[in-house]
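Peer 1: Model the structure of this input:
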Amino acid sequence: MPEILPHLANALLYAVLALYFWRTRWPRATEAEAPGASFSAFEHYAVLVPLALHTVLLARSAFLPDGLHLGVGNAVSAILWLTVLIYWIGNFFYRLDGLQALVLPIAAAAVLLPVLVPSPSPLPHTELMVFKVHLVIAMLAYSLFTIASLHVLLMTLLERRLHDGALPRALSQLPPLLTMEKLLFRIIWAGFILLTATLVTGVVFTEELFGKAAKLNHKTVFGVVSWIIFAALLCGRHVYGWRGRVAVRWTLAGFLALVLAYVGSRFVLEVILGRA
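Peer 2: The predicted structure is shown next:
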């Protein structure tokens, strides 16, 4: 029980901030308050409190004396930690206040996973530099595509609420849809480049370790499927000008395949089959 208390406290901090952003950003804005609404420095830096605690707890559960423990619980927690960090840094450059109420509740749930679904054993071969590079790139790719998926959901909400007249304060302060769409494809391009690098370093790692290319398994298949989906989306955007609902569907489909590639396979192995 004492082991889970810091994680519960961390989840509560995320949840309180999520509730705050929901109550202050998502009620319908009046004409008088919408133009002057802004994201204060206090609100921005308040996110650092649960994020810092999340950093400490994640390090304690993942970096153990016998090696790096990155099972499904720690992996999801690390991806959401990185997602919150990237989003927090991005707030210096873009006004996307509405995402706070979307990403923080997910982070609150993710921070509990290392104790609810503990990693049974350390990852092998973590001493190899190519594996470390592969792991960091993969985590960054997952986090960027998580942000892209939340971004398309926010765009969908904005598009639907535009037809209702009065917008929630969070949506009324967002950039125009076309600007958000450009930002979405910048995120997808960055994630796609990292996903490509993830697949390449995965092949290099396998060849260095086993002397042969990556074998065809669950993770490889869904990783390649995800790469094909995002490649098709970017080509469709460039050639046919894909946007709106088409972009939403392809983005969410690619993200789902990416989730199944690692998190899905680790969940089946660790939780359902009880193997490392």
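
Peer 1: Could I get the full set of helices for this protein?
Peer 2: 5-25, 41-46, 48-62, 72-90, 100-110, 113-116, 129-162, 169-172, 177-210, 218-240, 244-259, 265-267 (DSSP state H).

Peer 1: Now do the buried residues in the first one.
Peer 2: Right, helix 5-25. Neighbour counts using 16 or more other C-beta atoms under 10 Å place H7, N10, A11, L13, Y14, A15, L17, A18, F21, W22, R25 of helix 5-25 among the buried residues. C-betas here are computed from N, CA, C, even on glycine.

Peer 1: Which one of the helices of the chain lies nearest to P122?
Peer 2: Between P122 and the helices of the chain, the shortest separation by C-beta to C-beta is 9.5 Å, and it involves helix 48-62.

Peer 1: Relative to the whole chain's centre, how far out is the closest one?
Peer 2: 16 Å (C-alpha atoms, centre = their mean, to the nearest Å).

Peer 1: Save the helices of the chain as TSV, and put in mean pLDDT and distance to L123 too.
Peer 2: Listed next are these as TSV, based on pLDDT from 0 to 100; distance: least, C-beta to C-beta, whole Å:
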stretch	mean pLDDT	distance to L123
helix 5-25	91	21
helix 41-46	85	34
helix 48-62	95	10
helix 72-90	90	10
helix 100-110	90	19
helix 113-116	92	15
helix 129-162	87	8
helix 169-172	64	39
helix 177-210	87	12
helix 218-240	92	13
helix 244-259	91	19
helix 265-267	60	11
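
Peer 1: export the ones you listed to CSV and tack on distance to P122?
Peer 2: Below are the helices of the chain laid out as CSV (distance: least, C-beta to C-beta, whole Å):
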stretch, distance to P122
helix 5-25, 20
helix 41-46, 35
helix 48-62, 9
helix 72-90, 11
helix 100-110, 21
helix 113-116, 14
helix 129-162, 12
helix 169-172, 42
helix 177-210, 16
helix 218-240, 18
helix 244-259, 23
helix 265-267, 14
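
Peer 1: Give the burial count for A138, as a bare number.
Peer 2: 23 (other C-beta atoms under 10 Å).

Peer 1: Excluding residues flanking it in the chain, which one is nearest it?
Peer 2: Counting by C-beta to C-beta, 6 or more residues apart in numbering, T198 is the residue found nearest to A138 once chain neighbours are left out, at 4.5 Å.

Peer 1: and which of the buried residues of helix 5-25 is nearest to V117?
Peer 2: H7 (11.9 Å).

Peer 1: Report the contact partners of that closest one.
Peer 2: L57, V111, L112, P114, V115 (C-beta atoms under 8 Å, 6 or more residues apart in numbering).

Peer 1: What is the burial count for P124?
Peer 2: With other C-beta under 10 Å as criterion, P124 counts 12.

Peer 1: and if you look at L68?
Peer 2: 18.

Peer 1: got the contact list for the residue nearest to it when sequence neighbours are not counted?
Peer 2: Using C-beta to C-beta, 6+ apart and skipping the chain neighbours, the partner closest in space to L68 is T126 (4.5 Å). Residues near T126 by C-beta under 8 Å, 6+ apart: G67, L68, K132, L135.

Peer 1: From G67, how far off is T126?
Peer 2: 6 Å (C-beta to C-beta, to the nearest Å).

Peer 1: circling back to that earlier point, now a PyMOL select for only the buried ones of the contacts of T126.
Peer 2: Listed next is the PyMOL selection for buried residues among the contacts of T126, using 16+ other C-beta under 10 Å:
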select buried, resi 67+68+135
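
Peer 1: Redo the contacts of T126 as CSV? Include distance to L178.
Peer 2: What follows is those, written out as CSV (distance: C-beta to C-beta, whole Å):
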residue, distance to L178
G67, 48
L68, 43
K132, 39
L135, 36
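
Peer 1: Which one of the contacts of T126 is nearest to E43?
Peer 2: Distance to E43, by C-beta to C-beta, is smallest for L135 among the contacts of T126, at 32.5 Å.

Peer 1: ok, now how distant is the closest one from E3?
Peer 2: 25 Å.

Peer 1: Show the pLDDT at the residue nearest to L68.
Peer 2: Listed pLDDT for T126 reads 79.

Peer 1: What is the end-to-end distance of stretch 111-124?
Peer 2: The first residue of stretch 111-124 is 24 Å away from its last residue (C-alpha to C-alpha, to the nearest Å).
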